[in-house]
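A.B. asks: okay, here's the prediction I keep looking at, along with the sequence it came from:
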Amino acid sequence: MSFQPTSRYYSTETFTYETPDGRLIRILRRRLLPALDRFTLIQEHLVTEGDRLDNITARYLGDAEQFWRLCDANPILRPEELEEIGRRIRITLPEGIPGPPNA
């Protein structure tokens, strides 16, 4: 099992399970949401009527498929929660990337 470097699962460990009949099945280990202190806040976005997560992600991250980065930084499991009108979405640097000093 391999994932692109831009995938949410790129660094997720896998393990192999052997069934009673000897078949081997590769499984992704559970992926936990990262701690908030692993993200550097750049700005916030206030969700308004008509906002969609793919458009918000494309606007701030340049790639609509990277919505999972916003999910991790906010931290939520269900992406549709980020489309709630009135919600403030944290726009951050990628996990683990520190911001400039004294920013």
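C.D. replies: Received, thanks. All figures in this text were calculated on a predicted structure; none of them were measured in a lab.

A.B. asks: which SS state does the residue in the chain sticking out farthest from the centre fall under?
C.D. replies: Distance to the chain centre peaks in the chain at Asp21, reaching 36.7 Å (criterion: C-alpha atoms, centre = their mean). Per DSSP: H, G, I helix; E, B strand; the rest coil, the secondary structure class of Asp21 is coil.

A.B. asks: then His45?
C.D. replies: At His45, secondary structure determined by three-state DSSP is strand.

A.B. asks: wait, isn't it in contact with Thr92?
C.D. replies: No: counting by C-beta atoms under 8 Å, His45 does not reach Thr92; the two are 11.2 Å apart. No exception for glycine: its C-beta is placed from N, CA and C like everyone else's.

A.B. asks: quick one, which of the two is more surrounded?
C.D. replies: For His45 and Thr92, the more surrounded residue by other C-beta atoms under 10 Å is Thr92, and the numbers stand at 23 against 16.
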